[in-house]
Every structure is written in C-alpha cells, then in structure tokens.
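Enquirer: Quick one: sequence plus predicted model below, questions after.
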Amino acid sequence: MSGELERLKEQVRQLELQRATAEAEAQRERTQRATAEAEAQRERTQRIAADAARAAAEADSLKQRALTFFASMRGMSGSASEHAAVSSDVARRGAPAPEIVSAEVFFHGMPAVQDVDVQAAWDVCRGQLAARLAVSVSDLGTLAERKFVHPLVWLLLESAQQPEDEERVLRLWREASIEDSVPHAGAEPDVLCTHVRDTSPCSLGACFSLEVKRWTPNHLDVGCAQAGNYGRRLVARHAMELLDRGALLPDVAVLTAATNGEDIVFLRVRSGVRAGEDPFGGTPCPTEQSPPLPLLRDWNPAHPTSVPQTPPAGFAALVRVLRMPPALLNACTLPLERITVMAPPLLSGELPLGVRLGCGGSSDVYACTLPSGIAAVVKVARAATRRSSAMFSAEEKSLHALRTAPGGTVPQLLGAGSRELPARAQVLPSNCLATPWQLLILSPMGMPLSAAVAKHLQREVARHPAAPGEPLPARRSFGDVVAAGVLRGLRAAHAANVIHCDVRPSNVVFLDPEGVALLVDYGLSRAPGTTARGVGVRAYSADCVFSQSSCSARAGLDLVAAAYTWLSVVHGDTACRAPWSATGEAAAAWVARKAAHDVDVARIAAALAVLILPSGGTPAEERWYQWPWPDAVGVSEAADS
C-alpha cells in the first residue's frame, strides 16, 4: 500500500510540474506577444510621428514656396508709370516675357459674337468717326495722347459695349484710381472695366483694363509693358481672394490690352499656380500676348469719312471681350458660398451664405441663417479700402444710434465685425492685412425693390389696367407704399440726428408679407451740418449736392431723394431707374416738364421748391413724413408762413 501511495504522489507531482511548466511556457509566450505588440506599437508610433513630421515639413515647405511665389507675383508688377514700364524694368523684376501667340490661339474658347452684331456695333462707330473734324497734322504721333487718341478709343469702347442683356454689362472707368491694388500705391489704368454694379473701381471687380498710347509703334510697346504690369497686379489680387474661397487658382487669369489707336494688342496674365502636388513650383504670372490687331489703321483722320465698311479685327476682338459675361472675365464677381466671421459675441467662426440679395459698389449682401437659427442678412465688404472701412463704420454708428427706433422703420444691427482671411494670411505679410474686411449682420431680410415691383405688378396688372401713356395704377399705389416706408425710416433717422444721404430705389427693400418698405444702407450717413457735397448718386440727389461748391447735410435733401425714389418707382423702368436718366435730363428739369400735365408730379414739384431750401424739411415738420405730401396750395402756404 505504501508503495502504491508513493507512486500516486509522484504522479501528482509530475502532473503539477507539467502544469507549472505549461503555465510558464504560456506566460513566456504571452510575454513575447506583449513584447512584439509593444514593438509593433512603437514602430507604428514612430511611423505616425515620421509621417506627421514629413507632412509638417511638406506643409511648411509648401507655405514657404507659396510665400515666395506670391511675393514674386507682387514684386513683378513693379511700377506702372510710362517711364518705368519698359522691358528692362519688367525683366529686372523677374516677370516672364510674354509668349506671342496667334489671335486664333489667344481667343480660343472665348464666347463668340455674331458677325451681324459686330457689324452693327461698327456701323454705330463709323457714323461717329465720319462726323469728326479733319486732322491736318501729317505725323499723328506728335498729337497729344489724351486729346487725340483717348477720345477715339473711348468712342470705340462705347460702340463695342452694346450688351445683349443687363447681366453682361460692364462699367467703363477713365483713369480711375484703384485704391486697393497695391498697399500704399494706387494704380490708374487709362481704362478699367468692372461689373456694372460697381460704383467705385476696385481690383476685385476689375474685368478688363486698357492702356492708351500715342499713335506710334514705339508707344504701343510701352503700353504693352504697362498693361502687363497692371495684369500682374490684378491677377495677384484675384488669386488672394479666390484662395480664401477654395477656388482653383490655376484657372485665375486677367485680360488686359494696349492700343495706340492704329492697332490693339491683348494680353492674358495667368496666376502661374499649377494643378497637382506642387502648385507653387512654377513661375508666377505667365503671360500670353496677341499680335497687333488693326483698329483704326485703315482710317485717315485727315479725311474722317474714309472709314472702312468692314469692322477691323481689333474692333471685333474688343466687341468679343466687352460682351463676355463678367464672371468669365473675373471669377471674383461670383457670389461667395461661405466666409469666416469674427463678430463677437454674436458669432465667431464659419458662416454658410445663402443667395446674394444685392451687389453694391463697395459691398455685397447675402441671406444667411445664424447658428441660433435666426434668419438675417450679412453685408460683406468687397474690398479692404479706407473708403469701405469708413462707410461700414458710419453705418454701424448710425444703426447703433437708431437701435431704439420703432420696429420696421430702420434695419436692426445684430452684430458687426470682420471677415477673417485664414488662407490669405498664410501667404501675405501682416501689413497687407492691416485694413479689416468689415461686415455687418442685419435684420430683417427684405426683397430687392425691383423684384418686389415685378411681383406686385404681376399680381395687380390684371385688376388695374393702365391708361394709354400713363403709369400703371398698380405702380402708383406701390410707389405710395414705398414712399411711406422710406419716410418712416427718415423720420426715425432725422429724429436721431442722422442724415441718410443715399436715398434711392436700390437702397430700399420690401418686407413680405408685412407689405412695407424699409430704407437700408446707411454707409454714407452723417450728422446734420457736415459736408454732403458730392455724396450719394447724382440721379437721386438735389442739384445743390453736386453743383454747388459747398453743401451741408440736412433733412430736406433726404426728403428730396425720397420724392425722386417715388417718381422712379412710378415712372421708371422695371429696375426702378430714374426716368430722367433715360432722357438725359436733370431730375429737376424732368419734374418741371412732367408737372405741367400730372397733378401728383406738380404737388411734388411744389414741395421740392420748399425742401431744397437750407431750412427746409426739418424733423419738426411732421407733414414731410406723411405720404402723400400736401397739395401745391398747402405747400405754398406753408412756405410763405
């Protein structure tokens, strides 16, 4: 028995030893696996760190190349003065020499214009050229550039620019200073084309520029050098803007041209940004240049009637360029989709934008929904200039002063701040971002007046047919609604010592379904007694604002503009443009002529005679804030008293 017991104990010991050995082996394997996993994790961590370091190095390298690229782009523009814009100066600054391409290659892909339309435009031009006085000088190159060549080129431009529809209209500017082209340095091309909405020239709105030189081949070469400089300036600004929009920078290009009257040369300056992994590895601002195309080469100014019947190739090219949709000439005219906003405490961060409600000379207005869910409008500066900054500050100050005004009389200021430019800040020196791109967040959201008029007429025209030659009764009744809303806003503004100074149809929106009009855009507003000379738009201003050497802001001038706004709604076109603009008359002359057979206009004419006086239309005179105004007899009695 004892032997059997010992054998069993030995078996147990062996089993325990085997179990311990197996457990030790399992533990060893677990340890090995843990060690292997730790080693693999360490290798993964090292790879991730290496990838991150490599990505950071590549990003830093890309940023440095971008900084160098855009610095080179800005430096290439150099001076656009005639004496400095020579080929040697351009080469010294690193700008690439233009590649001369055929006209077919240069204009390939651009929308064509029907030959019949080119001929029609040329026929208009021919008639005006033939009517010019003969020039007896044999050497046309000796004639003053601005007295001889400039008027001829302007005539050509105006003849070529006959748009098929409103959306294709470009506005022509003569020797207009582009304040925001280069920090601390203005640019003044001889001719600049912007979108028709622009009330002041800025590089972001530039669609085409033209340099005009003396009637000699040498001067045409200088003009080409200047045109190239302006093209490089503009393409740099457009690239900066589109960089923040996430647009494809390789597609950015600017069209410029130079002419001496005889011929015209077109240039296309591209950004030089390449598609692919190394976008900034190329040379900035590669340029294509067309050969000289005949413009007035076959016209003899000594015999003005010797105008050729067939449009010259240079004129046909001008027609083609000036009738292109602005968005094809400058992608910056397209609406924004989102912006980064810094407007604490209301909003700090990205803001998606809805439909673009309006386009002004210095700003665009978009519908938006705030993070809180409130529907609002955001007014965004179109250029960071001292002028736009002053206008935004004036509007913010005025709306803050009107914050206690009755609801529905003035816009409500929800917030004010700036549009942040994170992508642009990565490639621009800080001093180039010193002027903030201001914005205002406002409420309520209204419908542009021209759209509201169209909607109203569509609903009312069947019920209120017009008498022959007279405005539709529906337009007259709608004009009364507009005037009443504008005057409610002016009553509130004038009571707070705010003079609007820019009352006109495009600054009125319609609130639907409330059925009331609201006066907006206080960017030119100021205190009573401050200067108002030349402020606003001439077509809707009292004559004294633009004709006198001095003019002080006062309530009466706003009320005159309110009357002109009513007249534009009732008697103007579908866009509510002033009817006297179509006839070429001054507003006062049109009103005087129309008053002879229109009792409403006669009543307005009598009121204007009172309001135009320096003491006319103070806020205390409540009758001026009620529509319709008193009849002619009542106005005369009030004026006499």
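Expert: It's in. Numbering: from 1, shown residues only.
Enquirer: From now on I want contacts and neighbour counts done on CA atoms only, so please keep to that.
Expert: Will do.
Enquirer: who's in contact with the helix or strand that contains A589?
Expert: Following DSSP states H and E, one finds A589 within helix 587-595. Residues outside helix 587-595 that contact it (Cα atoms under 8 Å, 6 or more residues apart in numbering): 539-540, 543, 564, 580, 601-603, 605.
Enquirer: Can I get that helix in CSV? Just the C-alpha atoms.
Expert: Only the C-alpha atoms of helix 587-595 are listed here, as CSV (Å, rounded to 0.1, in the frame of the first residue of the first chain):
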residue,chain,number,x,y,z
ALA,A,587,-34.1,115.5,-62.3
ALA,A,588,-35.4,119.0,-61.6
ALA,A,589,-35.9,119.6,-65.4
TRP,A,590,-37.8,116.4,-65.8
VAL,A,591,-40.0,117.1,-62.8
ALA,A,592,-40.8,120.6,-64.1
ARG,A,593,-41.8,119.3,-67.6
LYS,A,594,-43.9,116.5,-66.2
ALA,A,595,-45.6,118.7,-63.6
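Enquirer: Between the contacts of helix 587-595, which sits nearest V105?
Expert: Closest to V105 out of these is A539 (43.8 Å), distances taken as Cα to Cα.
Enquirer: what about the stretch 351-500 of the chain, any weak spots by pLDDT?
Expert: Within the stretch 351-500 of the chain, the stretches with pLDDT under 70 are 360-361, 383, 385, 423-435, 461-472.
Enquirer: Try it again at 80.
Expert: 358-362, 382-387, 421-436, 457-473 (pLDDT under 80).
Enquirer: For the helix or strand where G479 lies, name the packing helices and strands.
Expert: Taking DSSP H and E as the definition, G479 sits inside helix 473-495. Identification of packing neighbours for helix 473-495 by 3 or more Cα pairs under 8 Å, 6 or more residues apart in numbering; DSSP states H and E yields helix 449-460, strand 516-519, helix 555-571.
Enquirer: So which of the ones you listed is nearest A496?
Expert: helix 555-571 (11.3 Å).
Enquirer: Using PDB, write out every CA atom in that closest one.
Expert: Provided in PDB are the C-alpha atoms of helix 555-571 (Å, rounded to 0.1, in the frame of the first residue of the first chain):
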ATOM      1  CA  ALA A 555     -33.200 116.500 -43.700                       C
ATOM      2  CA  GLY A 556     -34.600 118.300 -46.700                       C
ATOM      3  CA  LEU A 557     -32.100 116.700 -49.000                       C
ATOM      4  CA  ASP A 558     -33.100 113.200 -47.900                       C
ATOM      5  CA  LEU A 559     -36.700 114.100 -48.500                       C
ATOM      6  CA  VAL A 560     -36.000 115.300 -52.000                       C
ATOM      7  CA  ALA A 561     -34.300 112.000 -52.700                       C
ATOM      8  CA  ALA A 562     -37.400 110.200 -51.200                       C
ATOM      9  CA  ALA A 563     -39.600 112.000 -53.800                       C
ATOM     10  CA  TYR A 564     -37.200 111.100 -56.600                       C
ATOM     11  CA  THR A 565     -37.500 107.500 -55.400                       C
ATOM     12  CA  TRP A 566     -41.300 107.600 -55.600                       C
ATOM     13  CA  LEU A 567     -41.000 109.000 -59.200                       C
ATOM     14  CA  SER A 568     -38.600 106.300 -60.200                       C
ATOM     15  CA  VAL A 569     -40.900 103.500 -58.900                       C
ATOM     16  CA  VAL A 570     -43.900 105.000 -60.600                       C
ATOM     17  CA  HIS A 571     -42.400 106.400 -63.800                       C
END
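Enquirer: what about it, average pLDDT?
Expert: Regarding helix 555-571, the rounded mean pLDDT is 94.
Enquirer: same for that helix, what does it pack against?
Expert: helix 473-495, helix 579-583, helix 599-611.
Enquirer: could you redo the last one with a cut-off of 10 Å?
Expert: helix 449-460, helix 473-495, helix 543-547, helix 579-583, helix 587-595, helix 599-611 (3 or more Cα pairs under 10 Å, 6 or more residues apart in numbering; DSSP states H and E).
Enquirer: Can you point out the buried residues in the helix holding A589?
Expert: Within helix 587-595, the residues that count as buried by 16 or more other Cα atoms under 10 Å are 587-588, 590-591, 595.
Enquirer: Regarding the closest residue in space to Q119 that isn't next to it in sequence, what is its secondary structure?
Expert: Of all residues not flanking Q119 in the chain, P311 sits nearest, at 6.2 Å (Cα to Cα, 6 or more residues apart in numbering). At P311 the chain is in coil, as set by DSSP: H, G, I helix; E, B strand; the rest coil.
Enquirer: per-residue confidence at P311?
Expert: For P311, pLDDT reads 95.
Enquirer: same thing with E10?
Expert: E10 is given a pLDDT of 80.
Enquirer: Contacts only, for it.
Expert: Residues in contact with E10 (Cα atoms under 10 Å, 6 or more residues apart in numbering) are 4, 16.
Enquirer: what helix or strand does V118 sit in?
Expert: Using DSSP H and E, V118 falls within helix 115-130.
Enquirer: Mind listing what's buried along that helix?
Expert: Of the residues in helix 115-130, those buried (16+ other Cα under 10 Å) are 118-119, 121-123, 125-126, 128-130.
Enquirer: Kindly report the same for stretch 500-520.
Expert: By 16+ other Cα under 10 Å, the buried positions in stretch 500-520 come out as 500-511, 516-520.
Enquirer: all helices of the stretch 201-350 of the chain, in order?
Expert: 217-245, 313-322, 326-329 (DSSP state H, counting those that start in this stretch).
Enquirer: Would you mind finding the most buried of the ones you listed?
Expert: Ranked by mean neighbour count, the helices of the stretch 201-350 of the chain are led by helix 217-245 with a mean of 24 (mean count of other Cα atoms under 10 Å).
Enquirer: Count the neighbours of the closest residue to W566 other than its chain neighbours for me.
Expert: Nearest non-adjacent residue to W566, counting by Cα to Cα, 6+ apart: G479, 5.3 Å away. Using other Cα atoms under 10 Å, G479 is surrounded by 22 other residues.
Enquirer: F478 now?
Expert: For F478, the number of neighbouring residues by other Cα under 10 Å comes to 23.
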